[in-house]
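A.B. asks: everything below, folded, please.
(one chain, ligands or ions: 1)
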Amino acid sequence: MIKTRKKELGQFFTPARIARIAVSMVSKQQSDKFLAADPGYGEGALSLALIEKFPNVRIEGYEIDGNLVQRHKINDNIKIHHEDYLFKFNNNNYDLVICNPPYNRFQNYENINQIKNLENKLNIHINKLSSSYVLFIYKAIHELKQDGEAIFIVPIEFFNTKYGIDLKRQLHRERTLHSVVLFDTNSSHFDEAITTTCILKITKSANNFIRVCKDRDELIEITKLVNYSEITPEQKWFHIFTQEESFEFKNTAPLYKYAKVTRGIATGANHYFILTPSQVKDLKLPHASVKECIVRSSDVISPILDVQSFDLLKNSDRQVYIFTGSEIDDSATKKYIDYGLQLGVHLTFLNSRRTPWYKLEKSTVYPILLSVFDRSTIKAIYNKASVLNLTTFHGLHVNPLYHKYTKIIYLFFITNIANQMFKASKRIYGNGLLKLEPNDYNNTFLLDFEMIGTKDYNKLGHLFYELEVDNSFSSSIIKESELIFLQYLT
Ligand SMILES: C[S@@+](CC[C@H](N)C(=O)[O-])C[C@H]1O[C@@H](n2cnc3c(N)ncnc32)[C@H](O)[C@@H]1O
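C.D. replies: This is a model prediction of the structure:
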């Protein structure tokens, strides 16, 4: 099927592992006979996992895509309806609805009467901005038997978006959200598409609290109980579900007392400005026309970025140079500038505002580089190679008054405790990525480094020296430093 049609129908099929986790949330006995629905059947990943655990289940699948319906292999437990689930009301009462619905925008259905009918039957108002999965959930709840349950795989943005508020109101009023399983964004088991989703269990009976769970190797572990009386539908639930119990630290000060975090260099046209060593050689560009620079976060995998590790990147011909133009009058540089003019690089938004257009916006070398996006832990790099950084990293510059704390600040940044302190500042984006803007860093309260006594100051200096030798994020030195910091914080 062509890509656009697949996208239109929201065809993302559930990996078997996730299907098993979804099925493990069903509270039935293995031998029970019951009736389930699998709306948006796809290739049947959820139904097949369900039958594996509950061999006596009867399932009704709904699938709009005729090709998938045709491909469906006959199975005694499953009956497929080649129909639009949203408009097919057959007065069934299901014991269970298990569903990975399409996440696309609710299409502007042509038949206005059909929409009115759906709104009346479900007693809702359909907002055109709503994603269709919300409608799938409303309909599933409507068709559940008393005490029945619905298991839905949905994007985590549901907890925070405006279009989800009406449904959150219903779940909150009726206390029907039983549990939520969040996936560990740091786990290698899951690809990106999965870490931005979660599983909801909705019951047709009231619950006192929402169980927030984490999947641990297909076993579901409760991490938090959220009392309905503590939350409102208008709040961003994702933050509430993931916030760890807050802990009051002593001896803290905002990072801006010691340092300033600033965005990295935006070139406006990386395809032109960013070069590999072989490109620099082929173009015969003199050293004065390029500067060393870290382009990708994945290029740095150890805490200390020293000259040797930067040389390794050069030797493997990674993009490590940024073209800066130069004052010197050499023909290769001029030729490359002319090439930029031919490409129209000087006309792009950022470059057209610079004089000359190829001049770097800044060329500050920051001693500490900090990740912008992350999954769950921030990445801090000690920039011993003194290279520039593009926007994949922010740069941290230490206030001259506190230069003597630079290495200690760095050690602090790679401890777990720093992660915990930054957690509350992170912003979650629609795609599930967590982002820290420069000011999110600057305004976070960390250890007030001046509180560190001379003996510990010297010990930390020594630990930094050992880290330079060890150069690993899994080093025990990080734990040792953390213990020293914790003495002051707790
Ligand atoms: C996200 S996929 C999930 C497929 C399958 N349940 C799974 O878990 O692998 C959603 C499926 O819903 C189907 N679909 C989209 N809109 C539908 C509708 N209105 N009624 C029935 N099926 C629909 C798509 O064709 C697609 O196969």
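A.B. asks: got a list of what Tyr321 touches?
C.D. replies: Going by CB atoms under 8 Å, 6 or more residues apart in numbering, Tyr321 touches 274-277, 279-280, 290-293. Using the backbone N, CA and C atoms, a C-beta is placed for each residue, glycine as well.
A.B. asks: quick check: Phe89 touching Leu122?
C.D. replies: No. Using CB atoms under 8 Å, Phe89 is not in contact with Leu122, being 9.8 Å away.
A.B. asks: next, count neighbours for the nearest residue to Val365 once chain neighbours are set aside.
C.D. replies: Counting by CB to CB, 6 or more residues apart in numbering, Val365 lies nearest to Ser386, which is 4.7 Å off, once chain neighbours are set aside. A count of neighbours around Ser386, defined by other CB atoms under 10 Å, yields 13.
A.B. asks: ok, now Tyr258?
C.D. replies: Neighbours around Tyr258, by other CB under 10 Å: 24.
A.B. asks: coming back round to it: the more surrounded of Phe89 and Leu122?
C.D. replies: Comparing Phe89 with Leu122 by other CB under 10 Å, the one with more neighbours is Leu122, at 17 against 14.
A.B. asks: coming back round to it: how much space between the residue nearest to Val365 and Thr324?
C.D. replies: 15 Å (CB to CB, to the nearest Å).
A.B. asks: ramachandran coordinates for the most far-flung residue of the chain relative to its centre?
C.D. replies: The C-alpha centroid of the chain is most remote from Asp329, which lies 46.6 Å away (CA atoms, centre = their mean). Backbone torsions of Asp329, given as degrees, to the nearest 10, read phi -90, psi 80.
A.B. asks: how is the chain carved up into domains?
C.D. replies: Here the domain parsing of the chain from automatic domain parsing is 3-241, 246-266+361-490, 268-296+303-360.
A.B. asks: can you get me the start-to-end distance on the last one?
C.D. replies: For domain 268-296+303-360, the first-to-last residue distance is 10 Å (CA to CA, to the nearest Å).
A.B. asks: so where's the stretch 101-250 of the chain uncertain?
C.D. replies: Scanning the stretch 101-250 of the chain for pLDDT under 70 picks out 107-111, 184-195, 216-218, 244-248.
A.B. asks: which residues touch the closest residue to the ligand within it?
C.D. replies: For the stretch 101-250 of the chain and the ligand, the shortest gap (CB to the nearest ligand atom) falls at Pro102, measuring 4.0 Å. Contact analysis of Pro102 by CB under 8 Å, 6+ apart lists 9-11, 40, 132-133, 136.
A.B. asks: most neighbours, which of those residues?
C.D. replies: Using other CB under 10 Å as the neighbour criterion, Phe136 leads the contacts of Pro102 with 26 neighbours.
A.B. asks: shouldn't it be in contact with Asp84?
C.D. replies: No. Phe136 lies out of contact with Asp84 (CB under 8 Å); the separation is 11.1 Å.
A.B. asks: coming back round to it: any common contacting residues for Phe89 and Leu122?
C.D. replies: Shared contacts of Phe89 and Leu122, defined by CB under 8 Å, 6+ apart, are absent.
A.B. asks: specify the local secondary structure of the residue nearest to Val365.
C.D. replies: Of the three states, Ser386 takes coil under DSSP: H, G, I helix; E, B strand; the rest coil.
A.B. asks: that one contacts Thr364, correct?
C.D. replies: No. Distance between Ser386 and Thr364: 10.6 Å, which falls outside the contact criterion (CB under 8 Å).
A.B. asks: shaky segments in the stretch 251-400 of the chain?
C.D. replies: Counting by pLDDT under 70, the stretch 251-400 of the chain shows low-confidence ranges at 326-327, 374-376.
A.B. asks: quick check: Thr444 touching Asn419?
C.D. replies: No. Counting by CB under 8 Å, Thr444 sits too far from Asn419 to count as a contact (10.9 Å).
A.B. asks: neighbours of Gly42, how many?
C.D. replies: Neighbours around Gly42, by other CB under 10 Å: 21.
A.B. asks: contacts only, for it.
C.D. replies: By CB under 8 Å, 6+ apart, the contact list for Gly42 reads 11, 13-14, 63, 68, 100.
A.B. asks: among these, which ones are in strands?
C.D. replies: Among the contacts of Gly42, DSSP state E puts none in strands.
A.B. asks: what is the end-to-end distance of stretch 122-141?
C.D. replies: Length of stretch 122-141, first residue to last, CA to CA: 9 Å.
A.B. asks: name the surrounding residues that touch that stretch.
C.D. replies: For stretch 122-141, the surrounding residues in contact (CB under 8 Å, 6+ apart) are 10, 37, 39-40, 85-86, 94, 97, 99, 101-108, 115, 118-119, 142, 150, 152, 154-155, 158, 162-164, 166-167, 170, 176, 200, 202, 204.
A.B. asks: the stretch 51-200 of the chain against the ligand: which residues are in contact?
C.D. replies: Residues of the stretch 51-200 of the chain found near the ligand (CB under 6 Å from any ligand atom) are 62-65, 68, 84-86, 100-102.
A.B. asks: out of the residues you listed, who has the most neighbours?
C.D. replies: Within those, Asn100 tops the neighbour count with 28 neighbours, counted by other CB under 10 Å.
A.B. asks: Ile222 versus the residue nearest to that one when sequence neighbours are not counted, what's the distance?
C.D. replies: Of all residues not flanking Asn100 in the chain, Ile153 sits nearest, at 4.2 Å (CB to CB, 6+ apart). Distance check for Ile153 against Ile222: by CB to CB, it reads 19 Å.
A.B. asks: among these two, which residue is more densely surrounded?
C.D. replies: Neighbour totals were compared for Ile153 and Ile222, and Ile153 leads with 23 against 11 (other CB under 10 Å).
A.B. asks: tell me which strands the strand or helix carrying that one pairs with, and in which orientation.
C.D. replies: In the assignment (DSSP states H and E), Ile153 maps to strand 144-155. Looking at strand 144-155 with DSSP bridges, its partner strands are strand 94-99 (parallel), strand 197-203 (antiparallel).
A.B. asks: following it, which helix or strand comes up?
C.D. replies: Sequence-wise, the next helix or strand downstream of strand 144-155 (DSSP H and E) is helix 165-174.
A.B. asks: that following helix packs against which elements?
C.D. replies: Using 3 or more CB pairs under 8 Å, 6 or more residues apart in numbering; DSSP states H and E as the contact test, the elements touching helix 165-174 are helix 132-142.
A.B. asks: next, the buried residues of the helix it packs on.
C.D. replies: Residues of helix 132-142 classed as buried: 132-141 (neighbour count, 16 or more other CB atoms under 10 Å).
A.B. asks: looking at it, the residue nearest to Asn100 is touching Cys99, isn't it?
C.D. replies: Yes. The pair Ile153 / Cys99 is scored as a contact, 7.3 Å apart, by CB under 8 Å.
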